[in-house]
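Q: Here is my input, please return the structure:
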Amino acid sequence: MMAHLILRVTIKLLFAPIIVFALYVQFHGEYGPGGGFQAGVIFAAAFVLHALGFGLDETKKVLPPKVLPWLMVTGVMLYAGTGVATMLLGENFLDYDILQPDSHHHAGQHIGIILVELGVGVAVASTMLTIFYYFAGREPEIRDEDW
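A: Next comes the predicted model:
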């Protein structure tokens, strides 16, 4: 435990700023580089870093694997639901202007892009963490002595 004290303290200090940066990339992606995919990967990277410092079991206590499939579905449904909502309102799939029809500044575009990018971010983060949990949690096929 003491051998990794500096690493663990550093991870604790970096975890929150990484999550905040992921949220920044998520919600400012429509203004510049970034968006849902990049934010999802950054968010997942914070948990991968946590697992490297504290172990996979501790990270699974913070974000249980049972939650991840629900987050994947939520992300996809948020993306697709935004498109279906625009169709139900009488426009084309993902034609966001109908979400705020009285706006002269295309506010519907802004709302639609935020919803779609949020769906992508949630789906990507949960998918990346699911892949990491499966790969990091598997048992090695060969023992170290057999090499």
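Q: Give me the buried positions along the top helix by length along the chain.
A: The longest helix of the chain (DSSP state H) is helix 107-137. Applying a neighbour-count criterion of 16 or more other C-beta atoms under 10 Å, one finds 108-109, 111-130, 132-133 buried in helix 107-137. Quick note: C-beta positions are derived from backbone N, CA and C, even for glycine.
Q: how near is Asp86 to Val73?
A: One thing to correct before we go on: residue 86 is Thr, not Asp. Thr86 is 20 Å from Val73, where distance means C-beta to C-beta, to the nearest Å.
Q: More neighbours: these two, which one.
A: The neighbour count for Thr86 versus Val73, taken as other C-beta atoms under 10 Å, is higher for Thr86 (20 against 13).
Q: show me the contacts for that one.
A: For Thr86, the contact set (C-beta atoms under 8 Å, 6 or more residues apart in numbering) comprises 92-96, 98-99, 112.
Q: Need the residues you listed in JSON lines (columns: pLDDT, secondary structure and distance to Asp144).
A: Formatted as JSON lines, the contacts of Thr86 follow (pLDDT from 0 to 100; DSSP: H, G, I helix; E, B strand; the rest coil; distance: C-beta to C-beta, whole Å):
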{"residue": "Asn92", "pLDDT": "89", "secondary structure": "coil", "distance to Asp144": "57"}
{"residue": "Phe93", "pLDDT": "87", "secondary structure": "coil", "distance to Asp144": "53"}
{"residue": "Leu94", "pLDDT": "83", "secondary structure": "coil", "distance to Asp144": "51"}
{"residue": "Asp95", "pLDDT": "86", "secondary structure": "coil", "distance to Asp144": "57"}
{"residue": "Tyr96", "pLDDT": "87", "secondary structure": "helix", "distance to Asp144": "55"}
{"residue": "Ile98", "pLDDT": "87", "secondary structure": "helix", "distance to Asp144": "60"}
{"residue": "Leu99", "pLDDT": "85", "secondary structure": "helix", "distance to Asp144": "57"}
{"residue": "Gly112", "pLDDT": "88", "secondary structure": "helix", "distance to Asp144": "52"}
